[in-house]
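Asker: any chance you can model this:
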Amino acid sequence: MRIVVHNEKRIISIWLSKSESADAELNSRLLGFCDDFKKHEYTLAVFRSGSGNLEELTGSLLKYNRALMAEQEVKAEKKSLLPPSAAG
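Answerer: Next up is the predicted model:
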């Protein structure tokens, strides 16, 4: 398990291996840990190892996000070209 605390942003990242993710006792303790820090207004993110191909899945996610950004850029550009009365 790896725990990364960003106090300035009030974020805690918890990284679990496959075996740690499958450990019922560890998961129970983790829930209590998460509840304690939520009371102190921290955001918690728990990352669990999966069984998929990391490179392939990450590439797909990056392509999707880039396509989404391009779509938003086109919409913003089109909106900026409209006369003020039509943009509203």
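
Asker: next up, the contacts around the spatially closest residue to residue 17 that is not a sequence neighbour.
Answerer: Of all residues not flanking residue 17 in the chain, residue 49 sits nearest, at 5.4 Å (CB to CB, 6 or more residues apart in numbering). Glycine gets a C-beta too; all of them are placed from N, C-alpha and C. Neighbour list for residue 49: 16, 17, 18, 21 [criterion: CB atoms under 8 Å, 6 or more residues apart in numbering].

Asker: repeat that with 10 Å
Answerer: Counting by CB atoms under 10 Å, 6 or more residues apart in numbering, residue 49 touches 15, 16, 17, 18, 19, 20, 21, 22.

Asker: list the contacts of stretch 35-48.
Answerer: Taking CB under 10 Å, 6+ apart as the rule, stretch 35-48 contacts 1-7, 9-18, 20-22, 27, 30-31, 33-34.

Asker: how near is the residue nearest to residue 17 to residue 83?
Answerer: Going from residue 49 to residue 83 by CB to CB, to the nearest Å gives 53 Å.

Asker: so what secondary structure elements neighbour whichever strand or helix holds residue 13?
Answerer: Taking DSSP states H and E as the definition, one finds residue 13 inside strand 11-16. Strand 11-16 makes packing contacts with strand 2-6, helix 24-39, strand 43-48 when contacts are defined by 3 or more CB pairs under 10 Å, 6 or more residues apart in numbering; DSSP states H and E.

Asker: and the next helix or strand along the chain from it, which residues are buried?
Answerer: As assigned by DSSP H and E, the chain's next helix or strand after strand 11-16 is helix 18-21. Neighbour-count burial for helix 18-21, counted by 16 or more other CB atoms under 10 Å, picks out 20, 21.

Asker: beta partners of the one residue sitting closest to the centre of the chain?
Answerer: Nearest to the mean C-alpha position of the chain, counting by CA atoms, centre = their mean, stands residue 45 at 7.5 Å. With beta bridges defined as DSSP bridges, residue 45 has these partners: residue 13.
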